[in-house]
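Student: One predicted model, sequence on top.
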Amino acid sequence: MAKNASVDFADMQGLLRFGYAKLTEASFLLLRIRDAAAARAWLAAAPVSTAEYQSPPPAAALQIAFTSEGLRVLGLAGDVLAGFSAEFLAGMSSDRSRSRRLGDTGNNAPQYWQWGGAARVPHVAAMLYAREGGLGAWTQTVKGVGWDAAFEVMDCLPTSNLYGVEPFGFTDGVSQPTIDWEQQHMMRDPNEPVLDYSNLVAPGEFLLGYPNEYYRYTDRPLLSDESEGASILPGAEDRTGMRDLGRNGSYLVMRQLAQDVRGFWKFANGQANGDADERRQLAQAMVGRTLKGDPLAQAAERPITGVDAEDAAQNGFTFDADANGTRCPFGAHIRRANPRTNDLPGAENHLISKLVHTLGFEDGSFRDDVISPTRFHRLLRRGREYGPGLTQQEALEPAPSDDPERGIHFISLGANISRQFEFVQSAWLMSSKFGGMTGESDPLLGNREPISGCPVTSGFSLPREGSAPRRLEGLPQFIAVRGGAYFFLPGIRALRYLARER
Ligand code: HEM
């Protein structure tokens, strides 16, 4: 397959390329459109940040995303809107079956959410980032002229800077897929399965309008060249005579997840009978990394494509050498969220490997078979923490009556919400059958609700060398869902198309 042209960073919102780590202040404004014409006028002039490198780096950034309801209210024609994927059109909280699959049941059900449930779906997310001390002024600049006529602020989600650590105390943002911006990867033969775990992922897994890991283009609206206003849009790479509203855009999943930090450390402390080392080890086993972010699993024997030498200590690993889960439990959060398996198990000789796999002779074949290849299910994570930090020691003390809420605004980007976020959340994190296990779900995220055919989901097993696994029972619910929605993060030209006068 020929090498494709490189991507157009100037037509892309920056979040696809940057985490804006230096812009330590951020807030996410969830907006309802008051007046479509006023909203379009504001959007046409909005100082949205692109994915181009700037020198010096910017002191602030703005990203804009829309729910499907937002696009409709903004005035996007129904036939164009229908070109987006079904799950984006339906929304995160739209039906019971989706809520069940995502684990949004019991007290996590959308009816209890602060935002994103039936009557409180935002239209637009305006995501503002600034250097320390700069967010107030940047917010005023962004609002500029016409804001009040255009929008009503439904919710303002503040964030906090916990210096690279999420509220439980673990280093966050350690593992990310490397996007193959140059599309070298696309030169692989599509009929040959990939045999090694690779961290290098096709741009089309995150950007609409580019080939993905299946060498296909994901659903997005295409308009004929003649459609009114369409000439502003980039051409569709796979369809001559068509313009691509999706190109250089992505789907953005946002979920507000409150964390019971006290409950987490008190549970680990109880299981460890107050022993500080064991408490830390149990917490680390639930995550699959140390508090500092080092993997519990062993380094891979060979370098992993898409993992730089300086990142190798933290991300140059697979679970191949830990087939029994004695280093990193099968149910640990990172082993569920990215099991790092392949199309076929890695081997020097692909033909032999294929044969061994086909005949079912390799180690751990059952476990590998029930976990599908990870390269189709990667997430680009861009979340931010909120609420004040709490040390382990503080977490063990009784909570004050006015204990503030803390948690994560989980944000992921991907070109296919159902194959990426929804699959990871439901088939890997929430599943009580993941990796052949029973009676457990993700130790951090599980809602502990019984599910069909599985009355218990609150266990956690720690396999041990030479003896029966240690089994923790009765894990409390550590995470509560406060809100969520599916957004479209358009490319810059797509944004101008949506904002055009009509
Ligand atoms: C409050 C909720 C959550 C907490 C506290 C949490 C915590 C963590 C931590 C500590 C790590 C390891 C460090 C890192 O690689 O960044 C991690 C990794 C990860 N998490 Fe979460 N997480 C949460 C929610 C989620 C959700 C909802 C998803 C997906 C639906 C998810 C997917 C992932 C993925 C894909 C990784 C990287 C795995 C890898 O490639 O090794 N997490 N998380």
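Tutor: Arrived safely.
Student: who touches Gly407 in this structure?
Tutor: Contact analysis of Gly407 by CB atoms under 8 Å, 6 or more residues apart in numbering lists 167, 256-259, 385-387, 479, 482. Every C-beta, even on glycine, is put in place using the N, C-alpha and C of the backbone.
Student: Look up phi and psi at it.
Tutor: For Gly407, the backbone dihedrals (degrees, to the nearest 10) come out as phi 170, psi -160.
Student: which of the contacts of Gly407 are close to the ligand?
Tutor: Restricting the contacts of Gly407 to those near the ligand by CB under 6 Å from any ligand atom leaves 257, 259, 479.
Student: picking up where we left off before, quick one: which of the contacts of Gly407 is nearest the ligand?
Tutor: Closest to the ligand out of those is Leu257 (3.9 Å), distances taken as CB to the nearest ligand atom.
Student: interface residues of the stretch 301-450 of the chain facing the ligand?
Tutor: Going by CB under 6 Å from any ligand atom, the residues of the stretch 301-450 of the chain near the ligand are 333-334, 337-338, 379, 407-408, 410, 421, 424-425, 429, 444-445.
Student: can you put the ones next to the ligand among the contacts of Gly407 in JSON lines and add neighbour count?
Tutor: Listed next are the ones next to the ligand among the contacts of Gly407 as JSON lines, based on neighbours: other CB atoms under 10 Å:
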{"residue": "Leu257", "neighbour count": "22"}
{"residue": "Gln259", "neighbour count": "23"}
{"residue": "Ile479", "neighbour count": "23"}
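Student: I'd like these written out as CSV, with pLDDT and secondary structure added.
Tutor: Conversion of those to CSV gives the following (pLDDT from 0 to 100; DSSP: H, G, I helix; E, B strand; the rest coil):
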residue, pLDDT, secondary structure
Leu257, 98, strand
Gln259, 98, strand
Ile479, 98, strand
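Student: Report the secondary structure element holding Gly483.
Tutor: strand 479-489 (DSSP states H and E).
Student: How far away from the center of its chain is the helix or strand following that strand?
Tutor: Note on strand 479-489: by DSSP H and E, the next helix or strand toward the C-terminus is helix 492-499. When distances are taken as CA atoms, centre = their mean, to the nearest Å, helix 492-499 is centred 24 Å away from the chain's centroid.
Student: Just the C-alphas of helix 492-499, formatted as PDB.
Tutor: Output of helix 492-499 as PDB, limited to C-alpha atoms (Å, rounded to 0.1, in the frame of the first residue of the first chain):
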ATOM      1  CA  ILE A 492     -10.900  23.800  11.900                       C
ATOM      2  CA  ARG A 493     -12.500  23.900   8.400                       C
ATOM      3  CA  ALA A 494     -15.400  21.800   9.600                       C
ATOM      4  CA  LEU A 495     -15.900  24.300  12.400                       C
ATOM      5  CA  ARG A 496     -16.000  27.100  10.000                       C
ATOM      6  CA  TYR A 497     -18.500  25.200   7.900                       C
ATOM      7  CA  LEU A 498     -20.700  24.700  10.900                       C
ATOM      8  CA  ALA A 499     -20.400  28.400  11.800                       C
END
